[in-house]
Each structure stands twice: as structure tokens, then as C-alpha cells.
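# Sequence first, predicted coordinates after that:
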Amino acid sequence: MSSPLRRASGSHAVYTELRRRILALELAPGERLNETRLTASFGVSRTPFREAVRLLLAEGLLEQLPTGGVVVRDISTRDVDELYAVRAALEGLQAGEAAARASEADLAALTGLVERNARLVDLPDDAMAAGQEFHALIARIAGNAWARRLHDQTGVQMARYRVFTNESDERRHAALAEHRDILAALVAHDAGLARELAERHVLTARDVAVAAVLARLGR
């Protein structure tokens, strides 16, 4: 019987599974990829595996060593600080622009997502998905193509750190309260407040992520 990964179109399936393992920390930060072992476990040849690796290198989830090997990109508190600072600026910009542009239909959709977030707040994965949808919709409403492009790019790296912040019940409930506050500013079309709250929301998550990375990885 052929491997499910092979049936699902080679490199894309390998990419999807490798990416999942990296984001779930099943492949540890700094771990070197063992091509022979991984291709055997996936039941694929080297070609689709290497194509998948190229995609993950382009996303910054893997890094090429000078010796030619490939490792999972390391995680550090400095990386968290830098990434979340950029993300905070982007989230703030988009929230401010969304506050000025949001229609009644947009606001109703955002309200629905926050209500969904509230229903799912005790389910870590579902709560995270609902929160991501809320921020993604704000980005779409803002309509800033460059900001959205950069937002998507940082999102790949942000996904690595959500495993740290999303484990905390306290943080999930706090994030929900912050989403409610951002929504209220959007409903009021208060661009300055929406921007401030969105930036603070990301920077608060940064502090939780830094503490969690230190506790788990010590760096």
C-alpha cells in the first residue's frame, strides 16, 4: 500500500507535515533534519522532500548550515522581541485603518468572531483559530495591501510562538478581553484607540511568549 503522503501529491504533503511538526515543536528548535530517516518515515523519495525543504527555508522555518545541512530555525527571546515588535506595529496600523473604513456589515462580522472566541476560549486550538480569524478580518477591512503582505509573512513565524502563549488559560481569557476592547474601538470608529489597543495586545502576548520560551528552553 502506498504512503498517504505519497498519494497526497509528494512535496506539498511533505511540506505540510514538516511544517506541522516544526510549529508543534515535534521537530525541536535547532534540530538537524535527517533526510534519510524522514524520507523513509514519509515513504517518499528525496526529490519531494527537498522541494518541501526549499519552501520551508523560504518561509524561515528552516535554516541552511554552511556545511550544507538543514536545521529547524532556533527560538530565542531576542527573536520573540523583534518579531512581536514588528507585528505590533502592523496590527496597530491595520486596526487604525480598519476603524476608519469598517462598515456595519464588517462590524457585525467582527462581533460574531469575538462571540465565537468567547464560546471557544477554554478550547486552546479552537480559541486560537477564532482569534486569528478576528485579526485576519481586521487586516482585510483595513485594505492596506503592503501591510497585509507583511502581516502574512510575520504570521508564519508567529505561529511558532503561539504554542507557548496558547497553553495558558489566563492568557486566552486575557486575549479575549483585549479582543473585546479592540472591537469596541472599531465600533466607535476611534482609529487612535484601536491602534493603541491592537499594539498593546501584541506586546502583552510578547511578554507571555518571552516568559514561556525562557521557562521551556532557557534562552
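Thanks, I have the structure now.

# Give me the mean pLDDT for the strand or helix carrying Ala209.
For Ala209, the host element (DSSP states H and E) is helix 191-217. Helix 191-217 carries an average pLDDT of 93.

# quick one: low-confidence parts of the chain?
For the chain, applying pLDDT under 70 flags the ranges 1-9.

# Report the contact partners of the residue positioned nearest the centre of it.
With distances taken as CA atoms, centre = their mean, Ala159 lies nearest the centre of the chain, 2.7 Å away. Residues in contact with Ala159 (CB atoms under 8 Å, 6 or more residues apart in numbering) are Leu23. Every C-beta, even on glycine, is put in place using the N, C-alpha and C of the backbone.

# And the strands in the chain, which stretches?
Using DSSP state E, the strands found in the chain span residues 62-64, 70-72.

# what domains does the record give for the chain?
Domains of the chain are assigned by automatic domain parsing as 4-72, 77-217.

# just those domains: most buried one?
Mean neighbour count, computed with mean count of other CB atoms under 10 Å, is highest for domain 77-217 among the domains of the chain, reaching a mean of 18.

# related to what we said a few turns ago, is it possible to get a markdown table of the strands of the chain that adds distance to Leu113?
Formatted as a markdown table, the strands of the chain follow (distance: least, CB to CB, whole Å):
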| stretch | distance to Leu113 |
| --- | --- |
| strand 62-64 | 32 |
| strand 70-72 | 32 |
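
# right, and the ones you listed - which one's nearest Ala136?
Smallest distance to Ala136 across the strands of the chain (CB to CB): 24.9 Å, for strand 62-64.

# packing partners for the closest one?
Contact here means 3 or more CB pairs under 8 Å, 6 or more residues apart in numbering; DSSP states H and E; on that basis strand 62-64 packs against helix 46-59, strand 70-72.
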